[in-house]
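# my questions concern the predicted model and sequence given below.
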Amino acid sequence: MEVEGKLDYIKIHYPEGAEKLIRLLGKKDTLKSGNVYGEKLTDRQFSLVFGPLLEAAFERARILEALASDDSTIGNLSAVTGIKPQQVFDHMKDLLKRNMVEISEHEGRDAVFRKIRR
């Protein structure tokens with residue numbers, strides 16, 4: 001999926017993340033033209049910064065989409081999305097901090113997460 005396709009998907013399922021990415025894309029020309037110290041970002045440098053941010057937001061959007069239909073554990077989310085469990089865990093910590101998900105219950109030792117409806 002291309003950048004625009006991923007951004008469109010993120011806009012639907014993770015609007016907060018999309019806003020940040022769009023702001024960064026809007027500053028691309030400024031970053032390439034240089035700062036007050038004369039430092040300039042090349043296209044490659046920008047893509048090295050932007051690419052991982054886009055992928056992380058895309059993964060969070062996929063997790064939020066999965067949680068929109070049903071509460072789930074990290075293991076289940078990993079199986080549904082194809083994202084490694086440790087990465088799902090890291091994304092869930094971030095989404096918890098942003099009050100986008102909450103722990104609804106526990107299944108044994110596993111927390112069951114629910115998307116907070118806004």
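Arrived safely.
# output the contacting helices and strands for the helix or strand bottoming out on mean pLDDT in the chain.
Scoring the helices and strands of the chain by mean pLDDT, DSSP states H and E places helix 28-33 at the bottom, with a mean of 92. With contacts defined as 3 or more Cβ pairs under 8 Å, 6 or more residues apart in numbering; DSSP states H and E, the packing partners of helix 28-33 are helix 43-69. Placement of C-beta: from N, CA and C, glycine included.
# in contact with the residue minimising distance to the centre of the chain, which residues are there?
Nearest to the mean C-alpha position of the chain, counting by Cα atoms, centre = their mean, stands Ala57 at 2.0 Å. Neighbour list for Ala57: Lys6, Ile10, Tyr14, Gly17, Ala18, Lys20, Leu21 [criterion: Cβ atoms under 8 Å, 6 or more residues apart in numbering].
# same for the host helix or strand of the fourth one, what does it pack against?
Secondary structure assigned from DSSP states H and E places Gly17 in helix 15-26. Judged by 3+ Cβ pairs under 8 Å, 6+ apart, helix 15-26 is in contact with helix 3-13, helix 43-69.
# quick one, the first one and helix 15-26 angle?
So that's helix 3-13. Angle, helix 3-13 to helix 15-26, by axes from the mean of the first three to the mean of the last three Cα atoms, to 10 degrees: 150 degrees.
# try the longest one
For helix 43-69 against helix 15-26, the angle by the same axes, to 10 degrees is 170 degrees.
# now helix 43-69: buried residues?
Within helix 43-69, the residues that count as buried by 16 or more other Cβ atoms under 10 Å are 46, 50, 54, 56-67.
# also stretch 96-103?
Met100, Val101.
# need the contact partners of that stretch.
Glu16, Leu64, Leu67, Met92, Leu95, Ala111, Val112, Phe113, Arg114, Lys115, Ile116.
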